[in-house]
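In: Generate a structure from the sequence data that follows.
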Amino acid sequence: MKQELLVTAIIFILLFIKLAKKEWSNSSLLSIINVLLLVNLAAGFLKIRTGTLFGDMFHTNELLTFEKNVLNLGTFIIALQSHSWLKQHKHVAEFFMLMLSTLLGMFFMISSNNLLMFYLGLELSSIPLAAMANFDLDKRHSSEAAMKYIMSSAFSSGLLLFGISLLYGATGTLNFAELSDQLTTFNSLHIFSFILLLAGFCFKISAVPFHLWTADVYEGSPVAVTSYLSVISKGSILFVMVSVLYNLFRGLNSSWYNMLFVISVLTMIIGNLFALRQQNMKRFLAFSSIAQVGFILIGISGESVEGSASVIFFIMIYVFSNLAAFGVISLVSAATGKENADDYKGFYKTNPLLSWVLTIGLFSLAGIPPTAGFFGKFFLLLAGAGKGNYWLITIAALNMVVSLYYYLRIVKAIFMDSNDNPIEKIHASLSPKIAMAICIGGIIITGLISGAYDYIHSLLK
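Out: Numbers count the residues shown, from 1 in each chain. Below is the predicted model of the structure:
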């Protein structure tokens, strides 16, 4: 539990700093927090002993440690990107205490070997996010976003808990290993319990038809919180979803494959169609992220080592790609308050470096080679093709073509459209520059060097 204990220690350090008599400036506090998060990230790559705790409710191994490191890296990048916004905020320490509390819940959720531990981790990772969504305290939209998130989160948690209670009533256990041994027959109660659990998962990852909260919450939340919801929260749920489907419900694979087929197709199509008509950049990336979930579900449907490896690899790439785009949007929003796509017309003339960062991030999300996003989607489709369902692959390929339009629409506005009043030159501090360098480096390196996918694949053998 080194990673969990280290995150807990950072939370307590921030609490002590907040309660101390000395008033820290925001700049000093942000520097301390960034150092602590860097130490947390570096410590995650140290050797961690595998094993179980709490009567086999908690377990860890090299794969789970790698997944947590991906989340640590994303959290560190978001902390660097949000420097300009948080520098002007009154509650810097509180923001990071909430963020790290959600991260701690995600760690427990990823390492859970029992449905009770999983549910406790899920709640710890969800509840503080509502407070984070409301962190623009003087904006009504932020309060609305928090309300919509907590309502939808409560509903999805209720579905999950109902499904868990039915499973416990039917099997008499909450342990993953014992449950998987019993969930091998097509018992109607087992299927109904699974549907409830799947609905809860789909709420959390914004899969259609459980996606309606996403765009409003993304638009109303601060950009840092939007990027955290889009990348870290969603990534952690997808990590757990792969484990639950492949291990806990492997005996019901013929049933959940058909469900995933329908959900992935609907998610890709609706996400793409709604992304086509968005003007607000946060809403645009919200529907983009919904469409990306559809591709991830194709990889999960492969139900193989390659399927699991492709999902983990794509989430790692998604961290770099999405945060590259959100990093630029965060800087522009903090400096000018502008968040619409039309505001980016002529952006290249005043901010050439930021324009290229945003463009490379969008190219990776679109799956344009040689960016890492191309290889991520290629491996997802390859894993999905292992089932021999070429209709699904064809639909996914057509949706990739559609997605090119709305990503390139933003690129066209940046480089080709004229604007009489373009966004002025933005002077970024060192922290956001480091964050963008990490994102661009990650997109290019993981796209050109195959070692990352091979390493993930080796952890699954």
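
In: quick one: contacts for Ser101?
Out: 11, 124, 128 (Cβ atoms under 8 Å, 6 or more residues apart in numbering). Backbone N, C-alpha and C define where each C-beta goes, glycine included.

In: Nearest to Ser243 among these?
Out: Nearest to Ser243 among these: Leu124, at 18.0 Å, using Cβ to Cβ.

In: Could I get the average pLDDT for the host helix or strand of that closest one?
Out: Secondary structure assigned from DSSP states H and E places Leu124 in helix 115-133. Average pLDDT, helix 115-133: 88.

In: in that helix, what's buried?
Out: 115, 117-133 (16 or more other Cβ atoms under 10 Å).

In: Keeping just the C-alphas, turn it into PDB.
Out: Provided in PDB are the C-alpha atoms of helix 115-133 (Å, rounded to 0.1, in the frame of the first residue of the first chain):
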ATOM      1  CA  LEU A 115     -17.200  -5.700  -4.300                       C
ATOM      2  CA  LEU A 116     -17.500  -3.900  -0.900                       C
ATOM      3  CA  MET A 117     -13.900  -2.500  -1.200                       C
ATOM      4  CA  PHE A 118     -14.700  -1.600  -4.800                       C
ATOM      5  CA  TYR A 119     -17.900   0.300  -3.800                       C
ATOM      6  CA  LEU A 120     -16.100   2.200  -0.900                       C
ATOM      7  CA  GLY A 121     -13.300   3.200  -3.300                       C
ATOM      8  CA  LEU A 122     -15.900   4.300  -5.900                       C
ATOM      9  CA  GLU A 123     -17.700   6.600  -3.400                       C
ATOM     10  CA  LEU A 124     -14.500   8.000  -2.100                       C
ATOM     11  CA  SER A 125     -13.500   8.900  -5.700                       C
ATOM     12  CA  SER A 126     -16.900  10.300  -6.600                       C
ATOM     13  CA  ILE A 127     -18.100  12.500  -3.800                       C
ATOM     14  CA  PRO A 128     -15.200  15.000  -3.600                       C
ATOM     15  CA  LEU A 129     -15.500  15.500  -7.400                       C
ATOM     16  CA  ALA A 130     -18.800  17.300  -6.900                       C
ATOM     17  CA  ALA A 131     -17.100  19.800  -4.600                       C
ATOM     18  CA  MET A 132     -14.400  20.200  -7.200                       C
ATOM     19  CA  ALA A 133     -16.900  20.900 -10.000                       C
END
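
In: and that helix, what does it pack onto?
Out: Contacts defined by 3 or more Cβ pairs under 8 Å, 6 or more residues apart in numbering; DSSP states H and E place helix 115-133 against helix 92-110, helix 140-171, helix 223-227.

In: closest to Leu353 out of the ones you listed?
Out: Of the helices and strands packed on helix 115-133, nearest to Leu353 by Cβ to Cβ is helix 223-227, at 18.8 Å.

In: number of nearby residues for the closest residue to Leu160 other than its chain neighbours?
Out: Nearest residue to Leu160, sequence neighbours excluded (Cβ to Cβ, 6 or more residues apart in numbering): Gly200, at 3.4 Å. Residues within reach of Gly200, counting by other Cβ atoms under 10 Å, total 24.

In: Give me the residue ranges of the stretch 151-300 of the chain where confidence is low.
Out: 186 (pLDDT under 70).

In: Now do the contacts for the residue most central in space within the chain.
Out: Centroid-nearest residue in the chain: Val231, 2.3 Å away (criterion: Cα atoms, centre = their mean). Residues in contact with Val231 (Cβ under 8 Å, 6+ apart) are 74, 78, 318-319, 322-323, 326.

In: Just the ones of those residues in helices?
Out: 74, 78, 318-319, 322-323, 326 (DSSP state H).

In: these two touch, right, Ser321 and Gly361?
Out: Yes. The pair Ser321 / Gly361 is scored as a contact, 5.2 Å apart, by Cβ atoms under 8 Å.

In: Now do the shared contacts for these two.
Out: In contact with both Ser321 and Gly361: 439, 443, using Cβ under 8 Å, 6+ apart.

In: Can you tell me the number of residues neighbouring the residue nearest to Glu306 when sequence neighbours are not counted?
Out: Excluding the flanking residues, the one nearest Glu306 by Cβ to Cβ, 6+ apart is Ala383, at 4.6 Å. Applying other Cβ under 10 Å, we find 24 residues neighbouring Ala383.

In: Hmm, Phe295 and Ala383 touching each other?
Out: No. In this structure Ala383 lies outside contact range of Phe295 using Cβ under 8 Å: 10.7 Å.

In: returning to that earlier point: between the contacts of Val231, which is nearest Trp391?
Out: After measuring the contacts of Val231 against Trp391 - Cβ to Cβ - the closest member comes out as Tyr318, at 25.0 Å.

In: what's the neighbour count on the closest one?
Out: 27.

In: Look at it and report its pLDDT.
Out: pLDDT for Tyr318: 90.

In: Can you give me every residue that contacts it?
Out: Contacts of Tyr318 (Cβ under 8 Å, 6+ apart): 231, 235, 292, 365, 373, 376.

In: Okay, Val401 and Val411: tell me how far apart.
Out: With distances taken as Cβ to Cβ, to the nearest Å, Val401 is found 16 Å from Val411.

In: Who has more neighbours out of those two?
Out: Of the pair Val401 and Val411, Val411 is the one with more neighbours under other Cβ under 10 Å, namely 17 against 10.

In: Apart from its neighbours in sequence, what residue is nearest that one?
Out: Thr359 (5.3 Å).

In: can you give me phi and psi for that neighbour?
Out: Note on Thr359: its backbone torsions stand at phi -70, psi -50 [degrees, to the nearest 10].

In: what about it, neighbour count?
Out: 21.

In: where does it land on pLDDT?
Out: The per-residue pLDDT of Thr359 was computed as 91.

In: Number the residues from 12 up from this point.
Out: Got it, the first residue is 12 from now on, which makes the last one we talked about Thr370.

In: mind listing what it touches?
Out: By Cβ under 8 Å, 6+ apart, Thr370 lies in contact with 422, 425-426.

In: Check Gly85 too.
Out: By Cβ under 8 Å, 6+ apart, the neighbours of Gly85 are 242-243, 246, 330, 334.

In: That one and Thr71, how far apart?
Out: 19 Å.

In: what do you get for Val219?
Out: 33 Å.

In: try Ile88
Out: In terms of Cβ to Cβ, Ile88 sits 24 Å off from Thr71.

In: Looking at the two, which one has more neighbours?
Out: Neighbour totals were compared for Ile88 and Thr71, and Ile88 leads with 28 against 22 (other Cβ under 10 Å).

In: The more buried one reaches Ile449, doesn't it?
Out: Yes. With contacts counted by Cβ under 8 Å, Ile88 reaches Ile449, the gap being 5.8 Å.

In: All set now, cheers.
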